[in-house]
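S.K.: Next comes the sequence, and after it the predicted model I'd like to discuss.
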Amino acid sequence: SAVAAAEDYLTSKAIVRLDPPARLIRFLPMRTSAIKDALLALPQTVLVVVQVDGTVCLLAPSGESLLSFSAGHERPVTLLAVSPSWAQGDTLIATGDVTGTVRVHKVTVKPLRAPVGGRRVDTVSADNDTRYLGASMVSFVNISVVLRNQLEALSGADGEAPRMTALAMASQQGSKYFIMGDAEGKISVFSIDGTFRSRLDGTSTPGAGIEGFYVHLNQLLFRAGPEWGYIDLENLAVKHVECPDFEGSRVTAAIIDSQQSWKVLVADEEGTLWVLAVRGTRSCKVEHKFARGLTRAPVDLVSVRGFLLGLERGNGSDGNLASEAPANILALNMSHAGKSESELRHTPSPVVWRSTRPAVSAWAVFRHRQDTPAGDLLAFLSEDGREVEI
């Protein structure tokens, strides 16, 4: 059971109705800097929402609509990736469709300056709604979006482009890349200018495709059937990881701890959560296994400061994924990891809080910088895609 009430940790900022409905959401980190005489301090992130007709909407953390534009695809958009918190370089949104076409748009958001010679107005923060008294953010910022480039997936074994199943942007050793995964288990790497670099084998398991990527700083994880590991973009190599002590037969979610990048947090096919210490691909051991039954499959994972957030997808009475079933969001205290059973015998449950909510089709999390007092942001897209809550 949880040791605290979810209401003490989760505060609803906005509920936005969407028409047409959406299928994909992701927080886009923004590079913010102090600009003299700016009327409004820019938010650290905007929420990218991709609707079923290919329209891309940008929402402020307050829920205000900032801009909408067409991604320009001829077929349905199935994948969305955004640029990480790069210190330099463009702020990018990449959308991929079922044919393997990826269109990349550059987003520029600049605050408007106060009129020269006008009355001095203190800069207020877009992250704190009460300070700008409900004024429209679009009145204080200049937002533009331009198409930067377009990428095309390579043909597969049958001469046709295989179905694209994963998309990411990442950087290593100062170079930036686009990474595509497909249903044949291949990983295609492009430089940031769209130049094709290599096509790598992500798995040797017949019939297994690339199921997902996870980007953290200069590390890039992948999952493919029963296999998972790291992608070395500089040397264009796939490095599989094997953990002898890991008892699960399949990793269904894998992320990197936000504070200790040598820890990989995974979920197995039963929903049990594991903390793995990975120091080089040849050194992997189980540091902690949370109690079986504490979480249930399927579960998505996100790491924030000191906590592991999990989203349990709803299951029907037969145990299969049910779209109408409620979802659970919970937070686990990571201080439990690495402690022995005797040390944990008299400690509270690792579940700090748990909250049940209506069925969710997608979610997104934004971690604020550790030097700011602002809380982290979560966004939930309803099962029918017609509502997003921040």
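M.R.: The structure has been received and is ready for your questions. Residues are numbered from 1 along each chain as shown.
S.K.: my read: Ser198 touches Val189, true?
M.R.: Yes. Contact criterion C-beta atoms under 8 Å: Ser198 and Val189 qualify, at 5.1 Å. For every residue, glycine as well, the C-beta is placed using N, CA and C.
S.K.: neighbour-wise, which of the two wins?
M.R.: Ranked by neighbour count (other C-beta atoms under 10 Å), Ser198 and Val189 place Val189 first, with 19 against 12.
S.K.: sorry, back to before: mutual contacts of Ser198 and Val189, please.
M.R.: Common neighbours of Ser198 and Val189, counting by C-beta atoms under 8 Å, 6 or more residues apart in numbering, are Leu236.
S.K.: Can you tell me how far Glu387 is from Asp19?
M.R.: Using C-beta to C-beta, to the nearest Å, Glu387 is found at 10 Å from Asp19.
S.K.: out of the two, which sits in the busier spot?
M.R.: Neighbour count, other C-beta under 10 Å: between Glu387 and Asp19, Glu387 has more, with 16 against 8.
S.K.: and that one, bridged to which residues?
M.R.: Beta-bridge pairing of Glu387 under DSSP bridges involves Arg17.
S.K.: Look up how far Pro29 lies from it.
M.R.: As for Glu387, its distance to Pro29 is 24 Å (criterion: C-beta to C-beta).
S.K.: Would you map the strands across the stretch 151-300 of the chain?
M.R.: In the stretch 151-300 of the chain, the segments counted as strands under DSSP state E, counting those that start in this stretch are 164-172, 175-182, 186-191, 196-201, 212-216, 219-224, 227-232, 237-240, 251-256, 263-268, 273-278, 284-289, 299-304.
S.K.: how about JSON lines for those strands, with distance to Val365 added?
M.R.: Compiled in JSON lines, the strands of the stretch 151-300 of the chain are given as follows (distance: least, C-beta to C-beta, whole Å):
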{"stretch": "strand 164-172", "distance to Val365": "16"}
{"stretch": "strand 175-182", "distance to Val365": "20"}
{"stretch": "strand 186-191", "distance to Val365": "25"}
{"stretch": "strand 196-201", "distance to Val365": "28"}
{"stretch": "strand 212-216", "distance to Val365": "12"}
{"stretch": "strand 219-224", "distance to Val365": "16"}
{"stretch": "strand 227-232", "distance to Val365": "21"}
{"stretch": "strand 237-240", "distance to Val365": "26"}
{"stretch": "strand 251-256", "distance to Val365": "10"}
{"stretch": "strand 263-268", "distance to Val365": "14"}
{"stretch": "strand 273-278", "distance to Val365": "17"}
{"stretch": "strand 284-289", "distance to Val365": "22"}
{"stretch": "strand 299-304", "distance to Val365": "4"}
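S.K.: Let's have those strands in JSON lines, adding distance to Leu311 and mean pLDDT.
M.R.: Output for those, formatted as JSON lines (distance: least, C-beta to C-beta, whole Å; pLDDT from 0 to 100):
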{"stretch": "strand 164-172", "distance to Leu311": "18", "mean pLDDT": "95"}
{"stretch": "strand 175-182", "distance to Leu311": "22", "mean pLDDT": "96"}
{"stretch": "strand 186-191", "distance to Leu311": "26", "mean pLDDT": "95"}
{"stretch": "strand 196-201", "distance to Leu311": "30", "mean pLDDT": "95"}
{"stretch": "strand 212-216", "distance to Leu311": "14", "mean pLDDT": "96"}
{"stretch": "strand 219-224", "distance to Leu311": "17", "mean pLDDT": "96"}
{"stretch": "strand 227-232", "distance to Leu311": "20", "mean pLDDT": "95"}
{"stretch": "strand 237-240", "distance to Leu311": "27", "mean pLDDT": "94"}
{"stretch": "strand 251-256", "distance to Leu311": "10", "mean pLDDT": "94"}
{"stretch": "strand 263-268", "distance to Leu311": "11", "mean pLDDT": "95"}
{"stretch": "strand 273-278", "distance to Leu311": "13", "mean pLDDT": "94"}
{"stretch": "strand 284-289", "distance to Leu311": "20", "mean pLDDT": "91"}
{"stretch": "strand 299-304", "distance to Leu311": "4", "mean pLDDT": "95"}
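S.K.: Nearest to Pro43, out of the ones you listed?
M.R.: Among the strands of the stretch 151-300 of the chain, strand 299-304 comes nearest to Pro43, with 18.0 Å by C-beta to C-beta.
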